[in-house]
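Enquirer: sequence first, then the predicted structure:
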Number of protein chains: 2
Amino acid sequence: MSQPIDIAVVGATGTVGETLVQILEECQFPVGALHLLASMESAGSSVTYKGRNVRVREVDAFDFSQVKLVFFAAGPAVTRSFVARAQAAGCSIIDLSGALPADQAPAVVPEANAAVLVGLKAPVQVHSPSSAAVALAVTLAPLKHLLDLERVHVTACMAISAQGREAVGELARQTAELLNARPLEPRFFDRQVAFNVLAQVGANDAEGHGVLERRLVNELRELLGLPLLKISVTCVQVPVFFGDSYSVSVHSRKAVDLAAVNAALEAAESVELVDGDDYPTPVGDAVGQDVVYVGRVRSGIDEAEQLNLWLTTDNVRKGAALNAVQVAQLLIKDLA
Amino acid sequence: MSQPIDIAVVGATGTVGETLVQILEECQFPVGALHLLASMESAGSSVTYKGRNVRVREVDAFDFSQVKLVFFAAGPAVTRSFVARAQAAGCSIIDLSGALPADQAPAVVPEANAAVLVGLKAPVQVHSPSSAAVALAVTLAPLKHLLDLERVHVTACMAISAQGREAVGELARQTAELLNARPLEPRFFDRQVAFNVLAQVGANDAEGHGVLERRLVNELRELLGLPLLKISVTCVQVPVFFGDSYSVSVHSRKAVDLAAVNAALEAAESVELVDGDDYPTPVGDAVGQDVVYVGRVRSGIDEAEQLNLWLTTDNVRKGAALNAVQVAQLLIKDLA
């Protein structure tokens, strides 16, 4: 077993941060001192770790020289505010917020590009990418040698939980109001989200692409090592609490061998293939699990170069917290 | 005004049939005698038309020679059981079920291919296509001259109401059970549909394509007059009562002129363009309306030949009942 390592988790009270702490415990990560940090409003609460209630302290007052590894599990603004102090203290950093430039912190999904980490010397900066990029990289990396990838189309049906606890509460409240025929009062969202589909998640840029959509394109190209891959992505908000789903259509420059694709997915680490007449769903399969569920594997209609897939994954766990911990597991040999 | 015409509606008690009767009234369709028909189980109930309660009679006992025009608004099995009798009686037929072979009954969406009806002599057989094909044809037909269409990718987020009243009741019941922390008992669906996304709608064929998916491909090719158009489609079931949504990515063989596309959509009959920072949703915009809402119009990321769109439409009204009535309006000159 590796030497224990002192760790800080910034954003420990959020959905991702709390799950990250839970996964550190579950996988018996060699944690020395564990410092849980959050903004002033959340500091003072506590998070359970190995049966103890660990007090969450204010990140602003934290001395980063106490730890060797920092997870940034809050939003990008928080990372931007505090990352310089962690860097100055010589910490290795795993950023889940997407705030660090790609040339400073490579995106890593171990199932796709663990090799990027080989030979890096501490302190290291790694970017644990968006849940959409994790799901797609885990699924497409094992198919890379079978397909001559030209283009990927993705429609991402995103769960409410990616927006945080307030959004989760809003979906529950709106749903109850509608079922009880009470007037609907949107607060977190600007309109009805219960029994509805919202055509975008967050703000769009001047060309109409969402921040998450741009992020997925950049991250997936990096993770697959295909900087020119054409990727079309639409992220929509569905009234689901936990678990993202992805309708994926892949174009290869050569005919797709479906039997070989199925065999590769069956053998792939972190993929659970659901075939036959069944299909995976967020609630029934993905939530709470450590794999990406893949189903509806089929070629195109009258188009042998096309491969269609349906993915679903736990956006908080596999899509975020677990990937960050898996990256840390690969790093600890160098850091301890 | 046209001469009144005697009409039968088969499947008058279903969601689509009832809406169809309502639209006949709203648009002051020149109805002579109106015969509302349904299976034995639904016969005996009544549907409101122009303030009267019209008794629904059993289709099995109906003499089709009493009418000149029959709408088949129930499922394909019902159409197959009774269409021969309507044909033998010399009725014109508008089939909403997809049961008639394409070579006997052309698919018609007036905004896309009204010309198909010109010169037809009664009795006529027309196929009013699936709600997905209506939405896509209404949107893409006005863009045909601007794009050199090579391929269309569609992920359809389908509302529960397309599965009928029992499915609508099941979503409400499952949702209430979950909010009240009672054990979930799926009945109509084979699993939890509330707060979940189901990766297929209905059964799949041996190659893994759903019946609705195949139907959309065939219908859209016919409606656009592009028999070789490559179409990738995934239909998923979202926990939305009414209103389908479509994430659409279109490939042209030439660069897309976004300004021209926006102008064509703005000018298009039956399209309501939502632009700027806003976007349309099923609940907020489409439900109860007679148009297809189009938003998120944007090109591809690093791909000028790509056009991305988001559509939403009332699957029961614009997607089914209204299209059938619009077809009938074009036909009545010949039929009266």
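Expert: Sure, I can see it. Numbering: from 1, shown residues only, chains lettered A, B, ... in the order given.
Enquirer: who's in contact with A:Lys165?
Expert: Check again: residue A:165 is Arg, not Lys. Contact analysis of A:Arg165 by Cβ atoms under 8 Å, 6 or more residues apart in numbering or on different chains lists A:14-15. Using the backbone N, CA and C atoms, a C-beta is placed for each residue, glycine as well.
Enquirer: let's test this: mean pLDDT of stretch A:189-198, rounded?
Expert: Across stretch A:189-198, pLDDT averages out at 96.
Enquirer: quick one: buried residues of that stretch?
Expert: In terms of neighbour count (16 or more other Cβ atoms under 10 Å in any protein chain shown), stretch A:189-198 has its buried residues at A:189, A:192-198.
Enquirer: repeat for stretch A:44-63
Expert: For stretch A:44-63, burial by neighbour count (16+ other Cβ under 10 Å) applies to A:47, A:49, A:54, A:56-57, A:59, A:62.
Enquirer: strands of chain A, residue ranges please.
Expert: Here chain A has its strands, by DSSP state E, at A:5-10, A:31-38, A:46-49, A:52-58, A:69-72, A:92-95, A:125-127, A:149-158, A:230-237, A:244-252, A:271-273, A:292-300, A:303-313.
Enquirer: okay if I get those as TSV plus distance to B:Ala159 and mean pLDDT?
Expert: Compiled in TSV, the strands of chain A are given as follows (distance: least, Cβ to Cβ, whole Å; pLDDT from 0 to 100):
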stretch	distance to B:Ala159	mean pLDDT
strand A:5-10	41	97
strand A:31-38	40	97
strand A:46-49	40	94
strand A:52-58	42	95
strand A:69-72	40	98
strand A:92-95	39	98
strand A:125-127	38	97
strand A:149-158	14	98
strand A:230-237	14	98
strand A:244-252	17	98
strand A:271-273	29	98
strand A:292-300	20	97
strand A:303-313	19	97
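Enquirer: what's the most buried one of these?
Expert: Ranked by mean neighbour count, the strands of chain A are led by strand A:69-72 with a mean of 28 (mean count of other Cβ atoms under 10 Å in any protein chain shown).
Enquirer: can you list the strands that that strand pairs with?
Expert: Here strand A:69-72 is paired, per DSSP bridges, with strand A:5-10 (parallel), strand A:92-95 (parallel).
Enquirer: wait, which of the ones you listed is closest to B:Leu179?
Expert: Nearest to B:Leu179, of all the strands paired with strand A:69-72, is strand A:5-10, at 32.1 Å by Cβ to Cβ.
Enquirer: residues contacting the closest one, please?
Expert: A:17, A:20-21, A:24, A:30-38, A:59, A:62, A:64, A:66-74, A:78-79, A:82, A:86, A:91, A:332, A:335-336.
Enquirer: what do you get if the cut-off is 6 Å, keeping everything else the same?
Expert: With contacts defined as Cβ atoms under 6 Å, 6 or more residues apart in numbering or on different chains, strand A:5-10 is touched by A:17, A:31-37, A:59, A:67-74, A:332, A:335-336.
Enquirer: residues from the stretch 51-200 of chain A in reach of chain B?
Expert: For the stretch 51-200 of chain A, the residues in contact with chain B (Cβ under 6 Å from any Cβ of the partner chain) are A:153, A:155, A:157, A:176, A:179, A:191-192, A:195-200.
Enquirer: of the buried residues of stretch A:44-63, closest to chain B?
Expert: A:Val47 (24.5 Å; Cβ to the nearest Cβ).
Enquirer: what sits against the closest one?
Expert: Applying Cβ under 6 Å, 6+ apart to A:Val47 gives the contacts A:12, A:18, A:21, A:36, A:54.
Enquirer: any idea how far it is from A:Arg55?
Expert: 9 Å (Cβ to Cβ, to the nearest Å).
Enquirer: then A:Ala115?
Expert: Separation of A:Ala115 from A:Arg55 (Cβ to Cβ) stands at 39 Å.
Enquirer: for A:Gly90, give me its contacts.
Expert: A:Pro123.
Enquirer: ok, it to chain B distance?
Expert: With distances taken as Cβ to the nearest Cβ, to the nearest Å, A:Gly90 is found 37 Å from chain B.
Enquirer: which non-adjacent residue is nearest A:Asp205?
Expert: Leaving out its chain neighbours, the residue that sits closest to A:Asp205 by Cβ to Cβ, 6 or more residues apart in numbering or on different chains is A:Arg214, at 6.9 Å.
Enquirer: let me see the domain layout of chain A.
Expert: For chain A, automatic domain parsing gives the domain ranges A:5-129+A:320-335, A:134-314.
Enquirer: so which of the ones you listed gets nearest B:Tyr293?
Expert: When the domains of chain A are compared for distance to B:Tyr293 using Cβ to Cβ, the nearest one is domain A:134-314, at 9.6 Å.
Enquirer: what's the span of that closest one from first residue to last?
Expert: Domain A:134-314 has an end-to-end distance of 11 Å (Cα to Cα, to the nearest Å).
Enquirer: circling back: out of the contacts of A:Val47, which comes closest to chain B?
Expert: Once Cβ to the nearest Cβ is applied, the member of the contacts of A:Val47 that ends up nearest chain B is A:Glu18, at 20.7 Å.
Enquirer: hmm, back to that, which stretch among the domains of chain A comes nearest B:Asp275?
Expert: Proximity to B:Asp275 (Cβ to Cβ) singles out domain A:134-314 among those, at 8.8 Å.
Enquirer: what about that closest one, distance to the chain center?
Expert: Put simply, domain A:134-314 sits 11 Å off its chain's centre (Cα atoms, centre = their mean, to the nearest Å).
Enquirer: you'd agree A:Ala43 is up against A:Glu58?
Expert: Yes - the pair A:Ala43 / A:Glu58 is scored as a contact, 4.0 Å apart, by Cβ atoms under 6 Å.
Enquirer: out of the residues of the stretch 51-200 of chain A next to chain B, which sit inside helices?
Expert: Among these, the members falling in helices (DSSP state H) are A:176, A:179.
Enquirer: out of the residues of the stretch 51-200 of chain A next to chain B, flag the one nearest to B:Ser247.
Expert: A:Thr155 (4.1 Å).
Enquirer: and A:Ala264, how far from A:Ile231?
Expert: From A:Ala264 to A:Ile231 the distance is 21 Å (Cβ to Cβ).
Enquirer: about what we covered before: I'd like the domains of chain A as JSON lines, with distance to B:Asn204 appended.
Expert: Shown next, in JSON lines, are the domains of chain A (distance: least, Cβ to Cβ, whole Å):
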{"stretch": "domain A:5-129+A:320-335", "distance to B:Asn204": "28"}
{"stretch": "domain A:134-314", "distance to B:Asn204": "7"}
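Enquirer: out of those domains, flag the one nearest B:His251.
Expert: Smallest distance to B:His251 across these (Cβ to Cβ): 8.7 Å, for domain A:134-314.
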